[in-house]
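**Student:** what would the 3D arrangement of this be:
(one chain, ligands or ions: 2)
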Amino acid sequence: MAGGTAVLERPAKVAEGAPATKEEVVQAPAEAAPAAKYLAESLTILVIGASGDLAKKLTAPALYQLFTRDYLPKQMTIVGYARSEKSDEELRKAWRPVLLEAHEGEEETIDAFLSKVVYRRGQYDSAEDVAAVFKEQEENEQADGQQVANRLFYFAVPPSVFADIGAAIKEGALSQTGWNRLVVEKPFGKDTESFEELSKTINGLFTPEQTYFVDHYLGKEMNQNLLVLRFANSMFEPLWNRNYIDSVVITFKEDIGTEGRGGYFDSFGIVRDVMQNHLTQMLALIAMDAPVRASGENFGNYVRDEKVKVLHAIKPISIDDCVLGQYTAPDDGSMAGYTEDDTVPDDSVTPTYAALVMHVNNPRWAGVPFVMKAGKALDQKKVEVRIKFKTPVAAECMFPDVRVPTNELVLRVQPNEAVYMKTNVKMPGLAGVPVATELDLSYRTRFDDKMADSPSAYTRLILDCLRGKQASFVRDDELRAAWKIFTPLLHDIDAGKKQPTKYKAFSRGPAEGDEFVSQFYKRDPTYEWHPPAKGDAKM
Ligand SMILES: NC(=O)C1=CN([C@@H]2O[C@H](COP(=O)(O)OP(=O)(O)OC[C@H]3O[C@@H](n4cnc5c(N)ncnc54)[C@H](OP(=O)(O)O)[C@@H]3O)[C@@H](O)[C@H]2O)C=CC1
Ligand SMILES: O=C1O[C@H](COP(=O)(O)O)[C@@H](O)[C@H](O)[C@H]1O
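**Tutor:** Numbering: from 1, shown residues only. Ligands and ions are numbered 1, 2, ... in the order given. Below you'll find the predicted structure:
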């Protein structure tokens, strides 16, 4: 993906879209140098819904990271926009603690960043209010004879106001001298029908080139890494198919509950919250074929073309192919059960856990189950992809009396990014039996300094948007295809056709979940991990 390919910024004399030369790819630094064009122009970022949580916790820190890395132009203003009455200083005061918490000791830089932030009050359906913001900004935009004014509109608001604010921007706030881009946050509808409405609204106002649908999982380091891992190693691609792979398990676990978001969550549930979007995007990156090219002008569409093909090959999920759960308070009472949240109805049957299986009906994957499991208030926090290989026939013939563990490639997205391959070796010593060990790439050990200052998913994505790179944003047709897979299941869940099984918070989820998964993925109970002790690597 854009950052993951680590391709250097192209010298001006190289035509845009030309493939990266070998030297560029090989010598690429971990973080590409800032691209020149938009940095020499002026930029106004309108954060719509600036008074909210998303803007404070995710958008502002990402903009700060870009600011400290010199990825924002000198002539730049961030305008927080919302309905509530607030002064510039009040918005800065709300954002400062979040920035300070993550960047201790950077008070001066934080103040320099916040001096670029102002707040303007306005209605979301008022073209006059939005226009007034930019009338006032024109002077900044044109300072020092600047000819080009770029505008980024960041929608940190619920979808119910997308249509109003979109129309207001279109009528009163588009730059005539530079680009206009919209960053839109999920939820992108609740099912196929509501997505189509949203899509019609946005497409009626803006072009696909102006629209950046965010799925922040696409900005995570390990997901950005997937294209390189899959296609820049000759050892994986030949095995990446139904002949060698037995199953794929994609897991999302959180060890917290809905944490004050019960109101929102209850009308969505875990399937809409993370499976239909984040985990499906990961599945698409795992299952897709190689894009035509991994750099250049049309790269974004090449990647998305491949993802959408895979999504089209997945059959809609049946309610019989899933297990649902809902958490209750743990025995020690250290957390409230889901329905004890004041914003959740007492009789809610919204699932906070789901395990389901999907089938990619194409020549590469026919017959390989893709299992997804996701849950809130589980035993640990973890997001990973587990690719289980088949037992080699040779091993079955050679060791007829021994159970040979199967290889597994694990991509841990978080916490502590890692790629490890469970690999059999002979047990050292006099016995000749195979034993499962691992070839282990733990990012924090291997890329110590890089990981310490790793940019957030939002930082990468906003940077991609500033550079006009759409590969890590979701295209309209991908969203449509993903909704098609999940809508029948979601409608059945909404209609109460399957009730969630209760599970204790901080457990593994309902026992049926593990039973269900065990039909497709068998765990190796003998595997034991020995974390490397300090000094292990010394010769
Ligand atoms: N570089 C590193 O940091 C490495 C770390 N390790 C660590 O070693 C440990 C073992 O690794 P690994 O074998 O890959 O992972 P686990 O044994 O934790 O999990 C393997 C699979 O079995 C499932 N599972 C775990 N416990 C149960 C259970 N009681 N009942 C049913 N299913 C279960 C897991 O589901 P679920 O995901 O739901 O728990 C997962 O799908 C982990 O802690 C891992 O982080 C290993 C190698 C390298
Ligand atoms: O989109 C969402 O994602 C978060 C998990 O994101 P992460 O980056 O912290 O892994 C999840 O908690 C939330 O419910 C969901 O809406």
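**Student:** might you report the residue contacts of the spatially closest residue to Asn277 that is not a sequence neighbour?
**Tutor:** For Asn277, ignoring the flanking residues on the chain, the nearest one in space by CB to CB, 6 or more residues apart in numbering is Asp215 at 5.4 Å. The C-beta positions use only the backbone N, C-alpha and C, and glycine is treated the same way. With contact set as CB atoms under 8 Å, 6 or more residues apart in numbering, Asp215 has these partners: Lys186, Asn277, His278, Gln281, Phe473, Val474.
**Student:** what's the local residue count around Cys514?
**Tutor:** Actually, residue 514 is Asp. It isn't Cys. Counted by other CB atoms under 10 Å, the residues lying close to Asp514 total 15.
**Student:** who does Pro434 bridge with?
**Tutor:** For Pro434, the beta-bridge partners under DSSP bridges are Lys426.
**Student:** one step back: just the ones of the contacts of Asp215 in helices?
**Tutor:** When these are checked against helices (DSSP state H), the matches are Gln281.
**Student:** pull the most distant pair out of the contacts of Asp215.
**Tutor:** His278 and Phe473 (13.6 Å; CB to CB).
**Student:** how about the one helix or strand Ile270 maps to, does it get close to ligand 2?
**Tutor:** When elements are assigned from DSSP states H and E, Ile270 belongs to helix 269-270. No: residues of helix 269-270 contacting ligand 2 under CB under 6 Å from any ligand atom: none, with a closest distance of 8.2 Å.
**Student:** now stretch 170-189: buried residues?
**Tutor:** In terms of neighbour count (16 or more other CB atoms under 10 Å), stretch 170-189 has its buried residues at 170, 172-175, 178-189.
**Student:** can you measure across it, start residue to end residue?
**Tutor:** One end of stretch 170-189 to the other measures 21 Å (CA to CA, to the nearest Å).
**Student:** and the protein, which residues reach ligand 2?
**Tutor:** Within the chain, the positions adjacent to ligand 2 are Glu254, Asp273, Val274 by CB under 6 Å from any ligand atom.
**Student:** and the second one, how many neighbours does it have?
**Tutor:** The burial count assigned to Asp273 is 23, neighbours taken as other CB under 10 Å.
**Student:** same deal with Pro531?
**Tutor:** Counted by other CB under 10 Å, the residues lying close to Pro531 total 7.
**Student:** now it: how far from His312?
**Tutor:** According to CB to CB, to the nearest Å, Pro531 and His312 sit 42 Å apart.
**Student:** swap in Ser199?
**Tutor:** When distance is defined by CB to CB, Ser199 is 17 Å away from His312.
**Student:** looking at the two, which one has more neighbours?
**Tutor:** Looking at Ser199 and His312 with other CB under 10 Å, you find the greater number of neighbours at Ser199, namely 19 against 16.
**Student:** so what's the more buried one up against?
**Tutor:** Contacts for Ser199 (CB under 8 Å, 6+ apart) come out as Phe188, Gly189, Asp476, Leu479, Arg480.
**Student:** again, only this time at 10 Å
**Tutor:** When contacts are counted by CB atoms under 10 Å, 6 or more residues apart in numbering, Ser199 is found next to Phe188, Gly189, Thr211, Phe213, Asp476, Asp477, Leu479, Arg480, Trp483.
**Student:** widest-spaced pair of these?
**Tutor:** Farthest apart among those - using CB to CB - are Thr211 and Trp483, which lie 16.9 Å from each other.
**Student:** looking at these two, which one has more neighbours?
**Tutor:** Taking Thr211 and Trp483 together and counting by other CB under 10 Å, Trp483 has the greater number of neighbours (26 against 20).
**Student:** is it true that that one touches Val271?
**Tutor:** No: Trp483 is not in contact with Val271 according to CB atoms under 10 Å; the separation is 11.5 Å.
**Student:** any common contacting residues for the two?
**Tutor:** Asn277, Leu490.
**Student:** any idea which residue is closest to the centre of this structure?
**Tutor:** Against the mean C-alpha coordinate of the chain, by CA atoms, centre = their mean, the closest residue is Tyr217 at 0.7 Å.
**Student:** what about the residue lying closest to that one once chain neighbours are set aside, distance to ligand 1?
**Tutor:** On the basis of CB to CB, 6+ apart, the spatially nearest residue to Tyr217 that is not a chain neighbour turns out to be His278, at 3.9 Å. With the distance defined as CB to the nearest ligand atom, to the nearest Å, His278 ends up 16 Å from ligand 1.
**Student:** repeat for Thr391
**Tutor:** Using CB to the nearest ligand atom, one obtains 17 Å as the distance from Thr391 to ligand 1.
**Student:** do the same with Val184
**Tutor:** Distance, Val184 to ligand 1, by CB to the nearest ligand atom: 32 Å.
**Student:** dihedrals phi and psi, that residue?
**Tutor:** Dihedral angles phi and psi of Val184 (degrees, to the nearest 10) take the values phi -120, psi 130.
**Student:** in whichever helix in the chain runs longest, what counts as buried?
**Tutor:** Once the chain is assigned using DSSP H, the helix that runs over the most residues is helix 476-494. Neighbour counts using 16+ other CB under 10 Å place 476-490, 492-493 of helix 476-494 among the buried residues.
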